[in-house]
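[1] Predicted coordinates and the sequence they were generated for:
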Amino acid sequence: MGPRRSGLNRRALLAGGAAAPFAIAGRPAAAADVDAVVIGAGAAGIAAAHALRAAGRRAIVLEARGRVGGRAFTDTSLGPAFDAGASFIHWAERNPWVAIAREVGIATTAESRGGGFQLFADGRPMAEPDRRRRRDAFRRIERRLEAADLDARDLSIAELIGDLGPELAPVAASGLLLSIGEEAGRISARDYRRLWSGDDLVVPSGYGDLVARSAAGLDIRLAEPVEAIRWDGPGVAVTTPSGTLRAGACIVTVPVGVLKAGTIRFVPELPAATRDALSGLHMGALTKIALKLEGDRFGIAPGTSLLEAAAPERLLNLLMFPGGKDLVIGFCGGDYARGLCEAGAAEARAHLVDLLASMVGSEIRKAVKQVSFPAWWTDPHARGAYSVCDPGHETARDALARPIGGRLFIAGEATAGGGAMTVGGATLAGRAAAAALLARKA
Ligand SMILES: Cc1cc2nc3c(=O)[nH]c(=O)nc-3n(C[C@H](O)[C@H](O)[C@H](O)COP(=O)(O)OP(=O)(O)OC[C@H]3O[C@@H](n4cnc5c(N)ncnc54)[C@H](O)[C@@H]3O)c2cc1C
């Protein structure tokens with residue numbers, strides 16, 4: 001985030017908002033400035049604002065960062081672009097982003113499997129019996145998840161697979177670190193089973209870039225971190241360092257981690273049902289670490305995944321030269337990712353380079369030129385990768401989505417039901433919140 005500027009200068013408008021007739025700062029107490037305020041310009045906020053605009057309502061989006069897109073972000077800081085957050089259009093059969101990409105004129109394509117997987121244990125090729133054990137563990141967790149009887153009560157995934165034994169259970173659970181970004185003991189099996197599946201597509205020019213482009217035409221104020229929302233009057237009053245904006249209603253799309261951290265003060269506080277819902281959700285910690293490499297490619301085909309899997313709790317996938325780019329993208333999740341985020345970019349880089357050197361040879365050290373570390377877990381505007389439902393709290397997503405006092409609407413990937421944890425889900429949740437706002441009695 002850049003340095004603070006004065007109220008009017010802070011108004012970084014995207015196309016369409018340039019003629020906005022009022023300043024946020026210094027506005028005297030008055031009737032609503034605008035029909036609705038949308039907080040957060042990620043996929044959910046963008047979708048909500050488009051839906052309100054299409055219905056003829058005036059909405060302003062307040063975004064804390066100096067850019068739009070939130071956890072969908074195409075990073076170009078290393079030269080070649082890579083998606084630091086979301087990269088797959090999941091369950092493409094029903095994902096709204098397939099149509100949005102078409103409308104914006106951006107190509108989507110099936111994921112190229114590239115050079116396949118190579119498994120390592122402590123930097124050395126994994127022995128065949130261990131590879132077999134892994135395959136077997138994954139088959140068994142899939143079967144267990146499909147067959148488990150969750151009618152009586154919810155279980156954690158760890159409980160569900162506990163009887164695979166102390167050797168196989170951690171291996172079976174480790175795959176979830178790279179999909180859910182969380183340890184199996186902290187994932188609700190009922191919620192997990194509810195998640196939609198389907199085909200994946202990718203956006204070669206960047207999913208984050210596509211999400212950012214889709215915001216064209218909206219009135220978005222960047223670098224406007226919301227600090228407080230008053231909702232005890234007939235409408236809402238939303239305060240940023242620039243001042244206070246009054247509106248008939250507010251759609252809040254900040255991540256669950258941000259809501260739980262108390263970054264935004266609600267006056268009065270959120271109702272008990274909403275606070276209960278929040279207490280049943282937390283943020284997982286999938287993380288990517290990107291290295292820029294120059295020169296030799298060490299005979300590795302573009303798109304090859306080198307998977308370090310000696311210790312299941314420290315599973316790390318290194319995607320080599322994706323799309324032929326001079327990049328290596330490391331992925332990891334759970335407490336391991338949290339530790340790396342807290343350690344910072346220099347340590348994360350050193351860790352990855354050591355691992356690569358043991359896998360490929362120490363020559364690779366010289367090829368590594370730069371790091372970019374989108375450390376979502378320690379990012380104050382994300383506080384994690386995406387929402388995870390605690391065991392026994394599988395109703396939390398729906399409860400969080402319930403309108404509050406007819407003027408506060410919480411939306412985002414966390415409220416997306418089976419679409420949770422995804423960009424497509426966030427978009428559907430943003431549209432649903434706008435529809436609820438439009439349907440309310442004035
Ligand atoms: C590493 C990683 C990989 C992922 N991979 C995929 C994938 O392949 N496919 C997929 O579909 N999804 C993936 N996701 C998840 C996906 O990115 C999110 O589910 C989705 O982008 C969430 O959108 P949202 O609008 O709910 O939230 P966000 O995108 O987080 O938007 C919320 C916005 O609120 C802003 N904000 C926060 N605090 C304030 C404040 N106080 N005032 C104003 N604004 C504020 C934030 O800056 C942000 O822009 C991934 C996420 C990560 C981190």
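    Nice, thanks for sending it over. Numbers count the residues shown, from 1 in each chain.
[2] Next, count neighbours for D122.
    Applying other CB atoms under 10 Å, we find 12 residues neighbouring D122. (Each C-beta comes from the backbone N, C-alpha and C, glycine too.)
[3] Test my guess that it contacts A310.
    Yes - D122 is within contact range of A310, at 4.5 Å (criterion: CB atoms under 8 Å).
[4] Let me see the ranges of the strands in the stretch 251-400 of the chain.
    Using DSSP state E, counting those that start in this stretch, the strands of the stretch 251-400 of the chain run over residues 265-267, 281-283, 287-293, 304-308, 316-320, 327-332, 368-372, 387-389.
[5] could these be laid out in a markdown table, adding distance to the ligand and mean pLDDT?
    Formatted as a markdown table, the strands of the stretch 251-400 of the chain follow (distance: least, CB to the nearest ligand atom, whole Å; pLDDT from 0 to 100):
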| stretch | distance to the ligand | mean pLDDT |
| --- | --- | --- |
| strand 265-267 | 10 | 98 |
| strand 281-283 | 9 | 98 |
| strand 287-293 | 5 | 97 |
| strand 304-308 | 15 | 96 |
| strand 316-320 | 12 | 97 |
| strand 327-332 | 7 | 98 |
| strand 368-372 | 12 | 98 |
| strand 387-389 | 8 | 98 |
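[6] Reformat the ones you listed as TSV; add mean neighbour count.
    As requested, those are exported to TSV (neighbours: other CB atoms under 10 Å):
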stretch	mean neighbour count
strand 265-267	14
strand 281-283	23
strand 287-293	23
strand 304-308	20
strand 316-320	22
strand 327-332	23
strand 368-372	17
strand 387-389	27
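[7] Can you tell me the element G425 falls in?
    helix 423-439 (DSSP states H and E).
[8] Could you name the helices and strands sitting against that helix?
    helix 43-54, helix 96-104, strand 243-252, strand 408-410 (3 or more CB pairs under 8 Å, 6 or more residues apart in numbering; DSSP states H and E).
[9] could you redo the last one with a cut-off of 6 Å?
    Applying 3 or more CB pairs under 6 Å, 6 or more residues apart in numbering; DSSP states H and E, one finds that helix 423-439 contacts helix 43-54, helix 96-104, strand 408-410.
[10] Relative to the ligand, which of these is closest?
    helix 43-54 (3.4 Å; CB to the nearest ligand atom).
[11] contacts for the closest one?
    Contacts with helix 43-54, where a contact means CB atoms under 6 Å, 6 or more residues apart in numbering, come from 36, 38, 59, 61, 72, 211, 214-215, 218, 251, 253, 411-412, 423, 426-427, 429-431, 433-434.
[12] residues in contact with the helix or strand that it is followed by?
    Counting by DSSP H and E, the element after helix 43-54 in chain order, helix or strand, is strand 59-62. Applying CB under 6 Å, 6+ apart, the contact partners of strand 59-62 are 34, 36-39, 41, 45, 49, 52, 218-221, 224, 226.
[13] List, one by one, the residues from the stretch 201-350 of the chain near the ligand.
    Residues of the stretch 201-350 of the chain lying close to the ligand by CB under 6 Å from any ligand atom are 225-226, 253-255, 258, 263-264, 286, 288.
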